[in-house]
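*Asks:* Let me see the structure of the following:
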Amino acid sequence: MAETKVKATPSASNSAKKSSSKKTTPKADGATGTVKQPDPVLPPTHDQQPESNAPRATSPAEPQFPKETYMAWYEQMQLMRKFEEKAGQLYGQQKIKGFCHLYIGQEACVAGAVSALEKGDKWITAYRDHAHPLALGTSPNAIMAELYAKATGCSKGKGGSMHMFDKEVNFVGGHGIVGGQVPMGAGLAFAEKYNKTGKLCICYMGDGAVRQGALHEAFNMAMLWKLPVIFVVENNGYAMGTSVQRTSNVTELYHIGRGYDMPSEPVNGMNVEDIHDAVARAAERARAGEGPTFLEFKTYRYKGHSMSDPAKYRTKEELEDYRSRDAIESVRHTILTHNMATEEELAAIDEKIKAQVLESVEFAENSPFPTADELYKDVYVQQDYPYIRD
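*Replies:* Down below sits the predicted model:
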């Protein structure tokens, strides 16, 4: 079966920009340049009960973007969701081993950014990294094979779940050291500025990473040198399993960027339209030479921190409350309500994705493991490095 790569079309991105330009632009704080917007509801923790009047992810009265954009979002997010559901199942069967951190529930955080950015922009994230390359166009076969630790994987079977890379789509990796990718993201942006490419880097991190000192060093240098980087914290409220309220005096994480006079704002991470708009604004600033932006995507993961986490620190009621705001269902509702596609057409997309996922499993199952001579490859740039010993 031929593979299908899901990518946002340039026309969708351009049309989205036109649609965004019709909106009233939020005013910026004169002292800091920070865009002021109402704070989305922070994901509740086990210290808080979900508010009965908390907003749900419902479709807008009028679509904010063209049909092509909504259809691309739906297909991208469904591919992420179904691929990871299968990965979780395979992990339970011990086909996939080691660590495995699923992204289920957070798909809008990637889909909305892909449609807002350009080909050639660099992407870097932490170890919850399956969804990013999928949305950028990496073959599901290569990602599943990497989960299986097979030689045909996108990191040649040497990285596994936490260390996906794909140079062809400018995905510069998942990184296992908490916060370690933040200064690397600033470095990638420095290279883009130095080489005058007009491109930028978007650097994702989890809410636990904002406690790392490397983040503050990177923020300071990024602002000092006005680097074209978008820093994104995906705040699902719990880091590994402890609520933000129990680990920090600053619970509105975007405020951290303001300590460096960095334009910073909260974004409803369960709404793909809001994600697109926020990233598009940040990208415009970066490409204009105005430096970095810090975005706090207030999102929620439906699974535990990793496959070994039973997530007993939250209630079933809280989980169901956030499932009712699911970004995929919201986009689906928009598509159907505004006659962009029929139920049958969406079902056909679902079937195509199901086939893609099953094909990726078959590909991984039939692929070979790396051979012993791969052990010392891709470690040093110098092929005849003299200190390697058998």
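
*Asks:* Excluding chain neighbours, what is closest to Y254?
*Replies:* Closest residue to Y254 in three dimensions, ignoring its sequence neighbours and counting by Cβ to Cβ, 6 or more residues apart in numbering: E296, at 3.9 Å. Heads up, the C-betas are built off the backbone N, CA and C, glycines and all.

*Asks:* any idea which helix or strand carries the one you found?
*Replies:* Here E296 sits within strand 293-298, counting by DSSP states H and E.

*Asks:* measure the residue nearest to Y254 to R81 for me?
*Replies:* Separation of E296 from R81 (Cβ to Cβ, to the nearest Å): 23 Å.

*Asks:* what about those two, which has more around it?
*Replies:* The residue with more neighbours, out of E296 and R81, is E296; 27 against 22, by other Cβ atoms under 10 Å.

*Asks:* related to what we said a few turns ago, could I get the CA-only coordinates of the strand holding E296 as PDB?
*Replies:* What follows is strand 293-298 as a C-alpha-only set of coordinates in PDB (Å, rounded to 0.1, in the frame of the first residue of the first chain):
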ATOM      1  CA  THR A 293       8.200  34.700  21.900                       C
ATOM      2  CA  PHE A 294       7.200  32.400  24.800                       C
ATOM      3  CA  LEU A 295       3.800  30.700  24.400                       C
ATOM      4  CA  GLU A 296       2.100  28.700  27.100                       C
ATOM      5  CA  PHE A 297      -0.200  26.100  25.500                       C
ATOM      6  CA  LYS A 298      -2.600  25.100  28.200                       C
END
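
*Asks:* Other residues contacting it?
*Replies:* Contacts of strand 293-298 with the rest of the structure, by Cβ atoms under 8 Å, 6 or more residues apart in numbering, involve 40-43, 106, 109, 219, 230-235, 252-254, 256-257, 262-270, 275, 278-279, 281-282, 285-286.

*Asks:* Show only the entries of those residues found in helices.
*Replies:* Assigned to helices by DSSP state H, the following of the contacts of strand 293-298 qualify: 109, 219, 256-257, 275, 278-279, 281-282, 285-286.

*Asks:* Buried residues, stretch 330-345. List them.
*Replies:* For stretch 330-345, a neighbour-count test (16 or more other Cβ atoms under 10 Å) marks 330-332, 334-335, 340-341 as buried.

*Asks:* same deal with stretch 370-381?
*Replies:* P370.

*Asks:* Check stretch 243-257 too.
*Replies:* Those would be 243-244, 247-248, 251-254, 256-257, for stretch 243-257 by 16+ other Cβ under 10 Å.

*Asks:* how about the strands in the stretch 251-390 of the chain?
*Replies:* Residue ranges of the strands in the stretch 251-390 of the chain, as given by DSSP state E, counting those that start in this stretch, are 264-268, 293-298.

*Asks:* and those, which is most packed in?
*Replies:* Of all those, strand 293-298 has the most neighbours on average by mean count of other Cβ atoms under 10 Å, namely a mean of 28.

*Asks:* Would you give the sheet partners of that strand, along with the direction of each?
*Replies:* Partners of strand 293-298 in the sheet, by DSSP bridges, are strand 229-235 (parallel), strand 264-268 (parallel).

*Asks:* so can I have CSV of these showing distance to L319 and mean pLDDT?
*Replies:* Putting these into CSV (distance: least, Cβ to Cβ, whole Å; pLDDT from 0 to 100) gives the following:
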stretch, distance to L319, mean pLDDT
strand 229-235, 17, 96
strand 264-268, 18, 95
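
*Asks:* Looking at those strands, spot the one closest to K95.
*Replies:* Of all the strands paired with strand 293-298, strand 229-235 sits nearest to K95, with 27.1 Å by Cβ to Cβ.

*Asks:* immediately after the closest one, which helix or strand?
*Replies:* Using DSSP H and E, the next helix or strand after strand 229-235 towards the C-terminus is helix 244-247.

*Asks:* Redo the strands of the stretch 251-390 of the chain as a markdown table? Include distance to I124.
*Replies:* Formatted as a markdown table, the strands of the stretch 251-390 of the chain follow (distance: least, Cβ to Cβ, whole Å):
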| stretch | distance to I124 |
| --- | --- |
| strand 264-268 | 19 |
| strand 293-298 | 15 |
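
*Asks:* and Y204, that's in a strand?
*Replies:* Yes. Counting by DSSP: H, G, I helix; E, B strand; the rest coil, Y204 is found in a strand.

*Asks:* which residues does it contact?
*Replies:* 109, 123-126, 132, 181, 232-234.

*Asks:* thinking again about what came up before, drop anything exposed from the ones in helices among the contacts of strand 293-298.
*Replies:* Among these, those buried by neighbour count (16+ other Cβ under 10 Å) are 109, 219, 256-257, 275, 278-279, 281-282, 285-286.

*Asks:* quick one: low-confidence ranges for this structure?
*Replies:* Residue ranges of the chain with pLDDT under 70: 1-61, 389-390.

*Asks:* Now do the helices in it.
*Replies:* Using DSSP H, helices in the chain cover 10-21, 67-92, 108-116, 131-136, 140-147, 181-194, 213-224, 244-247, 255-258, 272-287, 316-323, 327-337, 343-366.

*Asks:* can you tell me how far the most centrally placed residue in the chain sits from V361?
*Replies:* The residue lying closest to the centre of the chain (Cα atoms, centre = their mean) is V110, at 3.8 Å. From V110 across to V361, the span is 22 Å (Cβ to Cβ).

*Asks:* Likewise for N195?
*Replies:* From N195 to V361 the distance is 40 Å (Cβ to Cβ).

*Asks:* what do you get for Q245?
*Replies:* 40 Å.

*Asks:* do A108 as well
*Replies:* Distance from A108 to V361, by Cβ to Cβ: 25 Å.

*Asks:* More neighbours: the two, which one.
*Replies:* More neighbours surround A108 than the other of A108 and V361, with 30 against 21 (other Cβ under 10 Å).
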